[in-house]
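1. Give me coordinates for this.
(chains A and B)
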Amino acid sequence: MLDIELIRKEPEGIKKAIARKGADPALIDEVVLIDRNRRRVLSELERAQSELNRHSKDIANLHGQQKIDAINNAGIWSAKVKELKPEADRSQREFVDIMLLIPNPPLADVIDGASDKENTVNRTVGEISKFSFKPLDHVELGEKLDLIDIERAGKISGSRFYFLKNELVQLEFALAQYAMEILTAEKFVPMITPVLLNREAMTGAGYLPAGEDEIYKTQDDLYLVGTSEQPLAGYHSNEIIDGKNLPLRYAGFSSCFRREAGSHGKDVRGILRAHQFDKVEMFSFCLPENSEKEHEYLVSLEEKIVSGLGLPYQIVNICAGDLGSPAVKKYDVETWMPGQDQYRETHSCSNCTDFQARRLNIRYRDKDGKVAPLHTLNGTAIAIGRMLIAIMENGQQKDGSIKIPEILHKSLNFKEIKR
RNA sequence: GGAAAGGUGGCUGAGCGGUCGAAAGCAGCACACUGCUAAUGUGCUGAGCUCGUAAGGGCUCCGCGGGUUCGAAUCCCGCCCUUUCCGCCA
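-> Sure thing, here's the model as predicted:
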């Protein structure tokens, strides 16, 4: 949600900015009209309400015929209020509905572009793994070493599900632990979050009403989380946080569920794109003036996590058209996957400025006592499914075994996976 | 799932259908007093929307949503949440 004051003040600027995201600038013209109408109706209602209050107040002290007259008189205003109320409610709803559809304008330094094709590589770190043999992909490795069973998952769940087996399960836990250790050392508060959220929380995080297709819904009107960003964003909803306690940083672990509705034929092989996976996510609530710095900080932690595992990666600048609705700027980390012979997205890090905070009503109080929306940011610490792929494919050896990154050795009772 | 109690401002906690945005206490802030700390006194201390250049008005908010009424924190209905007991269960 944007600041309506800003829209009133400089509609043209916002139109241009959201157009860079591929949003329809006409939304702004529309919201300006709706806002104007809303305020007109509102002030009419409030005038009537004010009259009603004034008349009602006197009634208590009157008696006899005077009282009867006063009640009848007040009744006129009461009827007026009842008449105007539905209209005011309607225009308020109309206003909110459209406000929820307006995306957060990208920062000025975000590059132009319509889709991921225009994303640019910011920098590349680490040498691409070289093999004296033709590297297998994680599906072949998983079958050979009895680590992944996609076929049987199909029997019980359908496509885009998998069983993890044997050492890969231990590796999953070790990775979660590894990320948590790094983040708790940085004073992030570790969290395990709910994975079912009500509609309000999903809307607040910016994943609804757009994105309805992407989210699983239950018969109790609860939604399965696609990332623990969603519960973490809502954690402080409707709160006013003392500015001196910011930033508040959380590391959330959860399973993530995605319908992958729009991606039918895409990445159908293996576990890269699945309906369910586990992830450790970073989430930060911070002062508005610090959010750009915080963004770089979160990315630096992502890099620390990937490079600590000895994996080659690149940092990608996401172009305006490829940003999600809440983000004003986004970086992806793409990790090298030899089985695919390309870098693939394993991490994503977004600055959402006050977009989620406004929707979720999360504010801070500064030292002068002023209250204002704070900024939120999120970033992947480790998307475990994809990191498993990267470790398997990069660590494979000629004899068919997989060597495990050294940093994980202390939490595992094996240094390689072999049969 | 069944039964009961309850949800009021940062916290504790009053609240009769009208003068309640809401007593009181605590915490916080400011000032005064005390040579310091403490204590004491006085005052201040919620948020949102809206009109206005401003000063300053108006409206809304006592879990959420409806209803009754000239008027609802207070009455009625529905829902949510919390606590306790029972049942079930990891």
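
2. Pull out the buried residues from the helix or strand containing residue A:154.
-> Element membership for residue A:154, per DSSP states H and E: helix A:150-156. Residues of helix A:150-156 classed as buried by neighbour count (16 or more other CB atoms under 10 Å): A:150, A:153. C-beta coordinates here come from the backbone N, C-alpha and C atoms, glycine included.

3. Residues touching that helix, excluding its own?
-> With contact meaning CB atoms under 8 Å, 6 or more residues apart in numbering, helix A:150-156 is reached by A:139, A:142, A:161-163, A:270-271.

4. show me what contacts the residue of the stretch 101-250 of chain A found nearest RNA strand B?
-> Using CB to the nearest atom of the strand, the closest approach of the stretch 101-250 of chain A to RNA strand B is made by residue A:240 at 6.5 Å. Listed by CB under 8 Å, 6+ apart, the contact set of residue A:240 reads A:363-365, A:371.

5. Show me the shaky parts of chain A.
-> Within chain A, no stretch has pLDDT under 70.

6. contacting residues for residue A:272?
-> Counting by CB under 8 Å, 6+ apart, residue A:272 has contacts A:340, A:344, A:385-386, A:389.

7. Of these, which is the nearest to RNA strand B?
-> residue A:385 (23.7 Å).

8. For the helix or strand harbouring the closest one, name the packing helices and strands.
-> Applying DSSP H and E as the criterion places residue A:385 in helix A:384-395. Counting contacts by 3 or more CB pairs under 8 Å, 6 or more residues apart in numbering; DSSP states H and E, helix A:384-395 packs against helix A:138-144, helix A:167-185, strand A:276-286, strand A:329-337, strand A:342-351, strand A:402-403.

9. Which strands or helices does the fourth one pack on?
-> Yep, that's strand A:329-337 we're talking about. So strand A:329-337, by 3+ CB pairs under 8 Å, 6+ apart, packs with helix A:291-308, strand A:313-317, strand A:342-351, helix A:384-395.

10. ok, now with 10 Å
-> strand A:120-125, helix A:291-308, strand A:313-317, strand A:342-351, strand A:375-383, helix A:384-395 (3 or more CB pairs under 10 Å, 6 or more residues apart in numbering; DSSP states H and E).

11. Off-centre distance for the fourth one?
-> Here the centre of mass of C-alpha atoms in strand A:342-351, compared against the chain's by CA atoms, centre = their mean, to the nearest Å, lies 14 Å away.

12. Enumerate the residues of chain A near RNA strand B.
-> A:4, A:35, A:39, A:42-43, A:45-47, A:49-50, A:52-57, A:59-60, A:71, A:74-75, A:77-78, A:81, A:89, A:240, A:363, A:365, A:369, A:371 (CB under 7 Å from any atom of the strand).

13. if we can go back for a sec, can you turn the buried part of the contacts of residue A:240 into a ChimeraX selection?
-> In ChimeraX syntax, the buried subset of these is picked out as below (16+ other CB under 10 Å):
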select /A:363,364,365
